[in-house]
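Trainee: have a look at this prediction, sequence included:
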Amino acid sequence: MTNLFAEELTIAYDNEVIVDRLNLKFSPGEITAIIGPNGCGKSTILKTMARLQPSHSGAVYLDGKLIHKTSSKEIAKKMAILPQSPDAPEGLSIYELISYGRTPYQSGFSRLTTHDCEMIEWALNVTGLSSIQHQPVDTLSGGQRQRAWIAMAIAQETNLLMLDEPTTYLDPAHQLEVLKLLEKLNEEEGRTIVMVIHDLNHAARFADHLVALKQGKVIKEGTAEQVMNADVLKQVFNIDTEIITDPRTGKPAMISYDLIK
Amino acid sequence: MKITGKKSVRPSSKARKTLWILLLGMIGLIAAMALSLRLGTKTFQIETIIQAIFTYNPDITAHQIVMDIRFPRALGAALIGAFLALSGAIMQALTRNPLAEPSLLGVSHGAAFALVLTLAFFPKLSLAGTTAAAMAGAGLTVLFIFSLTARAKGGITPVKLALAGIAIGMFLSSLTSSLGLYFNVAKDMSFWYAGGLAYITWSSLEILSAAGVVGVVIVALLARSLTLLGLGVDVTKGLGINLHIVRILGVLAVLLLTGSSVAVSGAIGFIGLVVPHISRMLVGSDYRLLLPVSALLGSVLLVTADVGARLINPPYETTVGIVTAAIGVPFFLYLVRNEGSRSS
């Protein structure tokens, strides 16, 4: 089980501190959802903890090792990150895209091994893309495209999967499709999943652990019941909410909200 | 019934298509080189050329022309065409800018500036000396543009790199023109600027192949990473690629390939911009396929253009850059049109 945590992590752009001495831990084997208003630093934290951008001070540990002292390739065997709305070059097929997920295991001029091919086949099957594996990614619908990118990330064979807004720009059915796929990966494969997500009801429904952020600070973290309540949401989003228990899932759900004047 | 996607392309079929293109390209290159040896102010028979190569007789003028002028010229054009196309492909991947070309990083302008200084102050320097000066000029300019961009807020981005490159390039090019006029070497400079394949000798080929061997090895090592860059910087880093190393090696390869080309034959535009695009339309965005195809098509284009440049208005030579554009642009437009109708 892969363990990732930030200790006194400070992130700054041009001397402006975005995140100040953050302590954050993602529990192995769980789905963690990071919620918070636009510009609160959700994506920045995710990217910094995934070594995509530098930190100002503090440390990020992956399995007890300092992330900026570990080789990028070694990290890529333990943690996959899917950025927000990634773009594929024209004509790239789903199969080719997924095969790039095997990059951390290749060196020099080596070709795909049998195991690489097995992992690609598995990723195709689990995301339901086998029948269209030779279609170019740029001709797919939004939902299929996102599944193709998730397939690439899971072909990377890492225990930890980080996703930045995996459901953005998708219709309700495709959003649910993506989230159920992540849930399946978590339950059946024991993968640790961390995602930044805007839909609070989806966060409450699918995540074991919620982290509510505002201005780079953790306002509240815990189970859906602990985080999805009127007090916390008022503090984080400055909204007045009506929360009920979803009769289908038994999780808290927001049925209505208004701005606080 | 099995329904397959209309545009479905298997990876293996892409590789097979690439092999065909490479095979046709090789035939094209051999044909173009044969023409380049045959045609010119004097046209030789194939037998004369074969004799010149295999049973060289220094007393026969035809043999001398073939072996000392036309052969190095054809080989040089092939190498330079390949180098410029490879540099363009690398630049387009590194800057994630489809309009990037080798001159964007100031390589040609830096080389020209160093050259005008050498012509002004050390007019008697040997070819190796001027080449070294041009490469040093190119290298220093690239370093300067990179360090300037790196110091800006937010670090190196493709747009900032392009802007700094264009600005510094313009500045150096105006300095070059002024110095050229002042020291009365403008004529030599303008000749060099227009792209002179006419003066390629066996010693220029030594320089080209030395730079080429190192450059091509680096390019081969980078192919996989350059492909991944098409997926975005974050995805590339997330897959464990060290982008700092990729960028440094990529710029080094461009420097060697473009720098040596520019030093030998002056600035030849267009190839570095358009050949990678043509190759991308033919074989897709996998750099392991794209790079060899680009190199070969660049060779074919420049050798053919060079033959054309000699034939259009003999005994005068038309600027090779103009001919390259005249051949390449229609082909490029044809591909763009085809591409458009295919995806609509």
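Mentor: Yep, that arrived. Numbering: from 1, shown residues only, chains lettered A, B, ... in the order given.
Trainee: going forward, measure contacts and count neighbours with C-alpha atoms only.
Mentor: Fine.
Trainee: distance of residue A:227 relative to residue B:275?
Mentor: 56 Å (CA to CA, to the nearest Å).
Trainee: how about the nearest residue to residue A:43, chain neighbours excluded?
Mentor: Excluding its sequence neighbours, the residue lying closest to residue A:43 (CA to CA, 6 or more residues apart in numbering or on different chains) is residue A:164, at 6.5 Å.
Trainee: quickly list what that neighbour is bridged to.
Mentor: Legend: beta-bridge partners of residue A:164 under DSSP bridges are residue A:196.
Trainee: mind checking pLDDT for it?
Mentor: Looking at residue A:164, its pLDDT is 94.
Trainee: likewise the one 10 residues further on?
Mentor: What the model reports as pLDDT for residue A:174 is 87.
Trainee: residue contacts, the residue of the stretch 51-200 of chain A found nearest chain B?
Mentor: Going by CA to the nearest CA, chain B is nearest to residue A:73 of the stretch 51-200 of chain A, at 3.9 Å. Neighbour list for residue A:73: A:104, B:239, B:240, B:241 [criterion: CA atoms under 8 Å, 6 or more residues apart in numbering or on different chains].
Trainee: which one of those is nearest residue B:144?
Mentor: When the contacts of residue A:73 are ranked by distance to residue B:144 (CA to CA), residue B:241 comes first, at 25.3 Å.
Trainee: pLDDT weak spots in the stretch 101-250 of chain B?
Mentor: Within the stretch 101-250 of chain B, the ranges that satisfy pLDDT under 70 run B:154-155, B:190-195.
Trainee: which positions in it make contact with chain A?
Mentor: B:153-154, B:221, B:228, B:230-232, B:234-235, B:237-242 (CA under 8 Å from any CA of the partner chain).
Trainee: who wins on neighbours among these?
Mentor: Greatest neighbour count in these, by other CA atoms under 10 Å in any protein chain shown, goes to residue B:239: 28 neighbours.
Trainee: surely residue A:240 forms part of a strand?
Mentor: Yes. Counting by DSSP: H, G, I helix; E, B strand; the rest coil, one finds residue A:240 located in a strand.
Trainee: what is the burial count for it?
Mentor: Count around residue A:240 with other CA under 10 Å applied: 17.
Trainee: what's the pLDDT at it?
Mentor: 93.
Trainee: wait, doesn't it sit right on residue A:234?
Mentor: Yes. Using CA atoms under 8 Å, residue A:240 is in contact with residue A:234, at 5.9 Å.
Trainee: who's in contact with the residue nearest the centre of chain A?
Mentor: The structure's chain A has its C-alpha centroid closest to residue A:163; by CA atoms, centre = their mean the separation is 2.0 Å. Residue A:163 sits next to A:81, A:82, A:83, A:84, A:193, A:194, A:195, A:196 when contact means CA under 8 Å, 6+ apart.
Trainee: top of those by neighbour count?
Mentor: Ranked by neighbour count (other CA under 10 Å), those have residue A:81 at the top, with 28 neighbours.
Trainee: find the closest residue to chain A in the stretch 101-250 of chain B.
Mentor: residue B:240 (3.9 Å).
Trainee: got a list of what that residue touches?
Mentor: By CA under 8 Å, 6+ apart, residue B:240 lies in contact with A:71, A:72, A:73, A:74, A:75, A:76, A:103, A:104.
Trainee: mind checking which of those are buried?
Mentor: A:72, A:73, A:75, A:76, A:103, A:104 (16 or more other CA atoms under 10 Å in any protein chain shown).
Trainee: residue A:187: which of these is nearest?
Mentor: Relative to residue A:187, and with distances defined as CA to CA, the nearest of the buried ones among the contacts of residue B:240 is residue A:76, at 22.1 Å.
Trainee: okay, and which of the contacts of residue A:73 map to strands?
Mentor: Within the contacts of residue A:73, no residue falls in strands by DSSP state E.
Trainee: turn the residues you listed into a markdown table, columns for distance to residue A:119.
Mentor: Formatted as a markdown table, those follow (distance: CA to CA, whole Å):
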| residue | distance to residue A:119 |
| --- | --- |
| A:104 | 13 |
| B:239 | 15 |
| B:240 | 18 |
| B:241 | 20 |
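Trainee: and the two most separated of these?
Mentor: A:104 and B:241 (8.0 Å).
Trainee: tell me the SS of the residue nearest to the spatial centre of chain B?
Mentor: Per CA atoms, centre = their mean, the C-alpha nearest to the average position across chain B is that of residue B:84, at 0.9 Å. Here residue B:84 is recorded as helix under three-state DSSP.
Trainee: how close does it get to residue B:227?
Mentor: 19 Å.
Trainee: so which bits of the stretch 1-150 of chain A are right by chain B?
Mentor: Checking the stretch 1-150 of chain A against chain B by CA under 8 Å from any CA, the hits are A:13-14, A:50-52, A:71-76, A:80-83, A:86-93, A:96, A:100-101, A:103-104, A:108-109, A:132, A:134-136.
Trainee: returning to what we had before: give me the lowest-pLDDT entry from the contacts of residue A:163.
Mentor: residue A:84 (90).
Trainee: now do the contacts for it.
Mentor: A:163, A:164, A:165, A:166.
Trainee: among the residues you listed, which one has the most neighbours?
Mentor: residue A:166 leads those on contacts (other CA under 10 Å) with 25 neighbours.
Trainee: you'd agree that one is in a helix?
Mentor: No. In this structure, residue A:166 is coil, not part of a helix, as judged by three-state DSSP.
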